[in-house]
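Participant: after the sequence you'll find the predicted model.
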Amino acid sequence: MGRHPVAAFGMFFAVFPFLMPYKSLASQVLIFGLFALGFNLLYGYTGLLSFGHAAYYGLGAYGTGIALAKLKLGSLWLGIAAGPLLAVLGGIAIGFFCLRRRGIYFAMLTLAFAQLLYFVAFHLSDVTGGDDGLRGIPQLPLNLFGWKIDLEGSLAFYYFTFVLVWLAVAGLKRILDSPFGTVLQAIRENGDRAAACGYDVRRVKHLSFVFSAFFAGLAGGLDALRLAVVPVESLYWVTSGQVVIMTLLGGAGTFFGPFVGAGTYLVLGDRLAVFTERWPLVIGLIFMAFVLFLPKGIWGTLIDRLPGGTSAGAKP
Amino acid sequence: MASISRRKFLGATGATAGAVAAHGLFPSVLRAQAEPLRIGCPLPLTGPFAALAADMQRGAQLAVDELNAKGGVMGRKVEVLFRDDELKPAVGAQRTKELIENQKCQFIVGGLAAHVQMAINEQTKKAKVLFISTSQSDEISAKPDTSPITFHEALNPTITSRVMGTWIAQNLGKKWWIIYADYAWGKQNNAVLQDTLKKQGGTLLGATPYPLGSAEFSAHLPKIQAAKPDVLVSVTPGADNIAYLKQARSFGMDKTMKLAQPLLWISYLKEGGPELYSDIYGSINWYWELQDTIPSAKKFVEASMKKFNMPPGDYGAYSYSGVLEVGRGVELAKSTDAEAVANALRKSPVYDHFKGKEWWRACDNKAMQDMWIVKGRGPGKTKGDWGLMDIVAKVAADEKYDRTCAEKGFV
């Protein structure tokens, strides 16, 4: 991954579906990898642990789902845009309240807001489908400079997802490499000192929160297209827990760690589920082993052991 | 590796390579004949509905055994692959994708919870795979959710609540209180029950929603007791049913009013025991004692006794029938193409696998079937481990119990 991580990412994921047992799993890894990457911006880089990140993933899924299934927007691009847009609005509002508190109070507030959204979606069944989930999301063809590309096939959908996720990854990398990204890490290391340097800590945190919501929302929107249904569980706290586990498993604070974690979690879960219903037990044990003995996660440990590599400075 | 000699290793590798090469050389048509017909079966194998799912797993397995004993379907062996949907729509959808894309399943039979089944249906529609749903649901056979390749083997809230509601009003009393689980299935039943009561000229004294999965009913019960209804109708699925009945009995409500519910499940009668279910009324799609009068039920019960040493339950019967219908459809169509099989089933819609004559209604692919009103046998009156219910009445299949084709969005 070295010096050109975004290019390396592109090369690897261009062939990725052929390494997977089936193509939809590859798309799922991309989508949850993006979700975890977005979460990591807030947790790994800014040092804010959100226990309610399902809120933005779910808002993204409902945004895209409602735009296409209920509002019948005839454009795939508008549908895709509606998801992250709704997630960003949610991030602005929820971040405004949650960032008034720190540490465990912050985490609990994010959780409370996410559960609030869950119950709203549960009861607004005319809009969200409630407990039955939002159904009837059409698979619109992709309109690109006059070309119409059918996304019905799982490989076509994978490459569509791949391009969007790749752009998002490049964008995220750009954010982290900018002065703003450095300030984030300064705040993570010592918020008071960053404030003393003249940075508006709360505003920077809020911006990070909103960016993070954007990436989670894009992931949610893509998943709504992939499954053609938005279950109300998208907003449930268990979904928030999953993204925390994925990120820690892969390595928080490293650029690709969350992606590696999401991939490991999903592929292992999918393969194990064929043999046993107790697959979460196996993943749980692996997770515990990493937290106890290799706290930098799979990716963090790996790049530590590579010549010249260190995860301390948030390398790729 | 130590115990395997070099020669043996080379031999095995060579044989494998040869087999792989030969596999590639055969024309694909010939290979397709030899490959088994695969049916995917997503069920909530873990979680609160695990007992029902296990019953469904046994039912599907019995059907596969039966088909294979007859030499398979069109000369092909039949396989059923089970996956745990964890009672979560996203997981159900993902497992269905895996079954279709990775395992090349040509048919999906299954689903138990309505919301998960709906997510499964979105995948089968997309992949153009025939789906026979075995979950109680109104939407699955109605527009816009349904499709020409979506079939529905189970009863639905409209049918059970209309039939049972009418029977309760005519036989147990016309002053009701309804208590129902506050989610899609519970709300649908409540709405149909209220409508049915109105048509029967009865009075609704009140309706109480409670959160699904709650074990605490005592806050609601005194109010209901004070209202003195003739019948307390409960829509309390799964483990809630047992918790609710325990508390209603401890309040002595079984003495002052009748207790009835749209649906009874033998798995929960077994779990709760005859004391708890004594004189509780409900309806059911099938009960193993029907073997005394129905030949296909007898065949089904005997197969189950032989393999599992227990009779099948009401939901196992659904998946048993669903898998057999896949076999029948493929034989009729002489093809595994979803549309061809669906057309064949609509063209000769009548079948009898476990309960007497059933048929697919042409407009919505909904199975029309007999049902029975049953009552829990009290302690001392049970027959063996599983003889837990008395059959009170039979309700013959009739399209009038379901919503009409027009009401379901078919014009």
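Facilitator: Perfect, I can see it now. Numbers count the residues shown, from 1 in each chain, chains lettered A, B, ... in the order given.
Participant: switch to C-alpha atoms for all contacts and neighbour counts from now on
Facilitator: OK.
Participant: where does the chain have low pLDDT?
Facilitator: Just going to use chain A. Residue ranges of chain A with pLDDT under 70: A:1-2, A:308-316.
Participant: nope, chain B please
Facilitator: B:1-34.
Participant: for the residue nearest to the spatial centre of it, what are phi and psi?
Facilitator: Residue closest to the average C-alpha location in chain B (CA atoms, centre = their mean): residue B:134, at 3.8 Å. Phi and psi for residue B:134, reported as degrees, to the nearest 10, are phi -120, psi 30.
Participant: whichever residue of the stretch 1-150 of chain A sits closest to chain B: neighbour count?
Facilitator: Closest to chain B within the stretch 1-150 of chain A is residue A:132: 4.4 Å, counting by CA to the nearest CA. Residue A:132 has 25 neighbours, counted by other CA atoms under 10 Å in any protein chain shown.
Participant: what residues are up against it?
Facilitator: A:231, A:232, B:114, B:115, B:116, B:118, B:184 (CA atoms under 8 Å, 6 or more residues apart in numbering or on different chains).
Participant: nearest to chain A: which residue in the stretch 1-150 of chain B?
Facilitator: Counting by CA to the nearest CA, the stretch 1-150 of chain B gets nearest chain A through residue B:115, at 4.4 Å.
Participant: excluding chain neighbours, give the residue nearest to that residue in space.
Facilitator: residue A:132 (4.4 Å; CA to CA, 6 or more residues apart in numbering or on different chains).
Participant: ok, residue A:187 next?
Facilitator: residue A:194 (5.7 Å).
Participant: got the phi and psi for residue 238?
Facilitator: All of this is about chain A. Main-chain torsions, residue A:238, degrees, to the nearest 10: phi -60, psi -40.
Participant: distance of it from residue A:112?
Facilitator: In this view, residue A:238 and residue A:112 are 13 Å apart by CA to CA, to the nearest Å.
Participant: got the buried residues for the longest helix anywhere in chain A?
Facilitator: Criterion DSSP state H: the longest helix present in chain A is helix A:201-227. Buried residues in helix A:201-227, defined by neighbour count with 16 or more other CA atoms under 10 Å in any protein chain shown: A:201-202, A:204-227.
Participant: check those against chain B, which are close?
Facilitator: Counting by CA under 8 Å from any CA of the partner chain, residue A:227 from those sit close to chain B.
Participant: circling back to that earlier point, the residue of the stretch 1-150 of chain B closest to chain A and residue A:236, how far apart?
Facilitator: In terms of CA to CA, residue B:115 sits 15 Å off from residue A:236.
Participant: show me which of those two is the more surrounded one.
Facilitator: Taking other CA under 10 Å, residue B:115 and residue A:236 do not tie; residue B:115 has more neighbours (30 against 22).
Participant: so the more buried one sits right up against residue A:134, yeah?
Facilitator: No. With contacts counted by CA atoms under 8 Å, residue B:115 stays clear of residue A:134, the gap being 9.8 Å.
Participant: would you mark the buried spots in stretch A:8-25?
Facilitator: A:10, A:13, A:16, A:17, A:21, A:22, A:23, A:24, A:25.
Participant: may I ask which helix or strand encompasses residue A:127?
Facilitator: Following DSSP states H and E, one finds residue A:127 within helix A:125-128.
Participant: by contact count, what packs against that helix?
Facilitator: Packing partners of helix A:125-128 (3 or more CA pairs under 8 Å, 6 or more residues apart in numbering or on different chains; DSSP states H and E): none among the helices and strands.
Participant: and the next helix or strand past that helix?
Facilitator: strand A:142-144.
Participant: mind checking the SS state of residue B:41?
Facilitator: strand (DSSP: H, G, I helix; E, B strand; the rest coil).
Participant: which residues are in contact with it?
Facilitator: Residue B:41 neighbours (CA under 8 Å, 6+ apart): B:80, B:81, B:82, B:83, B:108, B:109, B:110, B:111.
Participant: and if we set it to 10 Å?
Facilitator: B:56-57, B:60, B:80-85, B:95-96, B:99, B:105, B:107-111, B:131-133, B:319, B:323 (CA atoms under 10 Å, 6 or more residues apart in numbering or on different chains).
Participant: for residue A:294, same thing?
Facilitator: Here residue A:294 is in contact with A:249, A:251, A:287, A:288, A:300, A:301 (CA under 10 Å, 6+ apart).
Participant: take the residues you listed and write them to a markdown table, including distance to residue B:357, neighbour count and secondary structure.
Facilitator: Formatted as a markdown table, the contacts of residue A:294 follow (distance: CA to CA, whole Å; neighbours: other CA atoms under 10 Å in any protein chain shown; DSSP: H, G, I helix; E, B strand; the rest coil):
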| residue | distance to residue B:357 | neighbour count | secondary structure |
| --- | --- | --- | --- |
| A:249 | 55 | 31 | helix |
| A:251 | 59 | 30 | coil |
| A:287 | 53 | 22 | helix |
| A:288 | 55 | 14 | helix |
| A:300 | 63 | 30 | helix |
| A:301 | 64 | 19 | helix |
